[in-house]
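> Return atomic coordinates for the entry below.
(2 chains)
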Number of protein chains: 2
Amino acid sequence: MGKPFGPLPAPGTRPFIVEVRRGAQVESRHPVVAAVVDADGRLVAGWGDAGAMIFPRSSNKALQALPLVESGAADAFDLSQAELAMACASHGGETRHTGTVAAWLARIGRGPGDLECGAHWPYHEETARQLARDQAAPTPLHNNCSGKHAGMVSVATHLGEDIAGYVKPDHAVQRRVTAAIEDVCGVKIAAENFATDGCSMPTMAIPLDRLAHGFARFVTGQGLAPERAKAAKRLAAAVAAEPFFVAGTGRFCTAVMQAGGGRFIAKTGAEGVYTAASAELGIGVALKVLDGTARAAQTALGGLLDRLGLLDEAGREAIRPLVEQPLTNWRGLSVGSIGLETPAF
Amino acid sequence: MGKPFGPLPAPGTRPFIVEVRRGAQVESRHPVVAAVVDADGRLVAGWGDAGAMIFPRSSNKALQALPLVESGAADAFDLSQAELAMACASHGGETRHTGTVAAWLARIGRGPGDLECGAHWPYHEETARQLARDQAAPTPLHNNCSGKHAGMVSVATHLGEDIAGYVKPDHAVQRRVTAAIEDVCGVKIAAENFATDGCSMPTMAIPLDRLAHGFARFVTGQGLAPERAKAAKRLAAAVAAEPFFVAGTGRFCTAVMQAGGGRFIAKTGAEGVYTAASAELGIGVALKVLDGTARAAQTALGGLLDRLGLLDEAGREAIRPLVEQPLTNWRGLSVGSIGLETPAF
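Okay, the predicted model is just below:
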């Protein structure tokens, strides 16, 4: 496949840096490790230890959603593109998000009480304030992972499995998810690399470059069994078609995919992780801010996607304030910015 | 002065590390530079570049409050210990905080509209939710810096100066503050090191070890003019006596000073900064998490104060969950922890 981006530096051991500036000084620095891997597993570009073990957290939700399609549940319940996108989402808890999950659960004869993700106040700040103004409290529907959990409940429901404990590593639902991740990323996950995610599901540490490889295979289908390749492409298409349902208002995942016009998918994960993948270029990207900070992850991903030639002029301008982020204070005065150290890569 | 702590490592160029653990793995790492300096300016201990230029941000509010006492305003307005502590505070916007500032301003014939700090939702989450439930919005009183601003307005009011623009670097109020910081820390601040803080006041980058030196002098009075030494000790005593008013419920500054039982003062600053000082040991401490993350700064400071022998068994136990921080997820399940890499120092 064509690679329109110019020569990239040979993979090196130095992370690149996202810097936080105040006045004329750099106030804080975030080192970022990143791997760009093609569908054959070749490291096309890398910064820092490309084989570093990282927890993908929510950045691999699209991989976790494979059994939803492969099991036949997506077809049996006639899931829409928006619902499939929400199975891969870390959403803001806006009304369109919670309403979509609520309707989906009702349609399959389940409810919010069946979700084992716990509740938290919506990420979308104005929605959270309105909830408080309405004297209400958050429910599991507001949990940013409620769409993923609705997907897991759908699989168990479709297959006639007991849904209780579907978040536990030894539940059939999770065993299928783990097997799918191992297959797509080409890894065997050892017991000591299992941990628990914020929403109570397992998250498993894998090498950064294997995560990138997994996403290259996910969007191209290359090297995957035909049914798996088909399911992956269907999920990738849903994510690309419905970026609002993957995150929401003001969120980088949504904005960067809108700016890309369908040329790539991108997904954030807690503790400074991002993945992205482009079928057109045949590559997957995975990055981790070593200190786990989200503000740097979006700047890093935006810069890297631009470097790879995946943004046109309009797209680059659309996301510029989320990549080269102006910092204003409580009175709205400009005090600094967040951006890539020059030269970053 | 006696130094009850055992031998410290020679100052070295390696930062120490605060690690974020999930399951059996380390998920994220925060490098910390720190300097422990005595009142003569000697580097007693150091990790990383002790001369690194950093913005103290709110960690030097006690130094910024010197003119409040030195000008005679504190006496003229009969400021209480709690009010002096609030002049040095980054408070949570709880009712006792906002009420104290409101009463103070009313007593000097001023009001919230005179504060130039801007408004933000209270840091104390339950107070913020309640404000929303009450269909109210935050005012400048809720700004974490409102006590500092009330102090600045008090100085201008007492001296008959125009209070408008008191946050600007060239206002007489700020020129006094800058001169006090330069004197106490033994630095001359160049124009390019001035920037704007979150609350619109100037913040000036200075070397980390000079900030630590300044705090050693602040609490001991050593090397300061008598009037300045007296003002500094009065402010340090107020901060130590009223730790709730310096931060608030659930906040580390408050908890660690309560745990120390008056043996030291400690203050956080945005972007991962902490200062502390002990008159008993004759030392000041300054640290900066290089990536600017607050969660690591409190773990770093707590560990360092303990290493310096400033916490007894009961104090250590009282703050343990804020230093060796358990991480739970949305359902309250234990998923990991934040703590010092072993050996840290």
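> give me every residue that touches the residue nearest to A:Gln64 when sequence neighbours are not counted.
Excluding its sequence neighbours, the residue lying closest to A:Gln64 (CB to CB, 6 or more residues apart in numbering or on different chains) is A:Val177, at 5.0 Å. In short, each C-beta sits where N, CA and C put it, glycine included. When contacts are counted by CB atoms under 8 Å, 6 or more residues apart in numbering or on different chains, A:Val177 touches A:63-64, A:66-67, A:152, A:202.
> And the strand or helix carrying A:Val177, how far out from the chain middle?
A:Val177 is part of helix A:172-185, with elements assigned from DSSP states H and E. Helix A:172-185 has its C-alpha centroid displaced from the chain centroid by 17 Å (CA atoms, centre = their mean, to the nearest Å).
> anything in the following helix or strand past it near chain B?
Under the assignment DSSP H and E, the closest C-terminal helix or strand after helix A:172-185 is strand A:194-196. Yes. Using CB under 8 Å from any CB of the partner chain, strand A:194-196 reaches chain B at A:194-196.
> ok, so of these, who is nearest A:Ile17?
Using CB to CB, A:Ala195 comes nearest to A:Ile17 of these, at 27.6 Å.
> Now that closest one. Nearest residue, chain neighbours left out?
B:Gly23 (2.7 Å).
> Then A:Arg175?
A:Pro169 (7.8 Å).
> Hmm, A:Ala191 and the one you found touching each other?
No. Assessed by CB atoms under 8 Å, A:Pro169 is found out of contact with A:Ala191, at 9.4 Å.
> Which one of those two is surrounded by more residues?
A:Pro169 (15 against 9; other CB atoms under 10 Å in any protein chain shown).
> I'd like the distance between that one and B:Ser59.
43 Å (CB to CB, to the nearest Å).
> next one: A:Gly261
45 Å.
> Tell me how far the residue nearest to A:Gln64 lies from A:Ile108.
For A:Val177 relative to A:Ile108 (CB to CB), the value is 19 Å.
> Off-centre distance for stretch A:219-233?
That offset, for stretch A:219-233, works out to 19 Å (CA atoms, centre = their mean).
> do the same with stretch A:149-163
22 Å.
> what does it contact?
By CB under 8 Å, 6+ apart, stretch A:149-163 touches A:65, A:67-68, A:71-74, A:76-77, A:79, A:83, A:86-87, A:101, A:104-105, A:108-110, A:114-117, A:140, A:143, A:166-167, A:171-173, A:176-177, A:199, A:201.
> neighbours of A:Phe244, just the number please.
By other CB under 10 Å, the residues close to A:Phe244 number 21.
> Return the residues in contact with it.
A:96, A:254.
> Same check on A:Pro56?
Here A:Pro56 is in contact with A:203-204, A:206, A:211, A:269, A:273, A:275, A:286 (criterion: CB under 8 Å, 6+ apart).
> Pull out whichever of those residues are also neighbours of chain B.
Answer for the contacts of A:Pro56 near chain B (CB under 8 Å from any CB): A:Thr203.
> between the contacts of A:Pro56, which has the most around it?
Among the contacts of A:Pro56, A:Ala286 has the most neighbours (other CB under 10 Å), with 34 neighbours.
> Could you give the average pLDDT over the helix or strand hosting that one?
Secondary structure from DSSP H and E places A:Ala286 in strand A:283-289. Mean per-residue pLDDT for strand A:283-289: 98.
> Run the angle between that strand and helix A:172-185 for me.
Angle of strand A:283-289 versus helix A:172-185, following axes from the mean of the first three to the mean of the last three CA atoms, to 10 degrees, is 110 degrees.
> Also compute the angle for the helix or strand following strand A:283-289 relative to strand A:283-289, please.
For strand A:283-289, the succeeding helix or strand toward the C-terminus, using DSSP H and E, is helix A:294-307. Helix A:294-307 runs at 150 degrees relative to strand A:283-289, counting by the same axes, to 10 degrees.
> Go ahead and produce PDB holding the CA coordinates of the longest helix seen in chain A.
Criterion DSSP state H: the longest helix present in chain A is helix A:226-241. Extracted in PDB, the C-alpha atoms of helix A:226-241 (Å, rounded to 0.1, in the frame of the first residue of the first chain):
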ATOM      1  CA  PRO A 226     -12.100 -14.300   7.200                       C
ATOM      2  CA  GLU A 227     -15.000 -14.100   9.800                       C
ATOM      3  CA  ARG A 228     -12.700 -12.100  12.200                       C
ATOM      4  CA  ALA A 229     -11.500  -9.800   9.400                       C
ATOM      5  CA  LYS A 230     -15.100  -9.100   8.400                       C
ATOM      6  CA  ALA A 231     -16.200  -8.400  12.000                       C
ATOM      7  CA  ALA A 232     -13.200  -6.100  12.500                       C
ATOM      8  CA  LYS A 233     -13.900  -4.100   9.300                       C
ATOM      9  CA  ARG A 234     -17.600  -3.800  10.300                       C
ATOM     10  CA  LEU A 235     -16.600  -2.400  13.700                       C
ATOM     11  CA  ALA A 236     -14.000   0.000  12.200                       C
ATOM     12  CA  ALA A 237     -16.500   1.300   9.700                       C
ATOM     13  CA  ALA A 238     -19.100   1.900  12.500                       C
ATOM     14  CA  VAL A 239     -16.500   3.800  14.600                       C
ATOM     15  CA  ALA A 240     -15.400   5.900  11.600                       C
ATOM     16  CA  ALA A 241     -19.100   6.600  10.600                       C
END
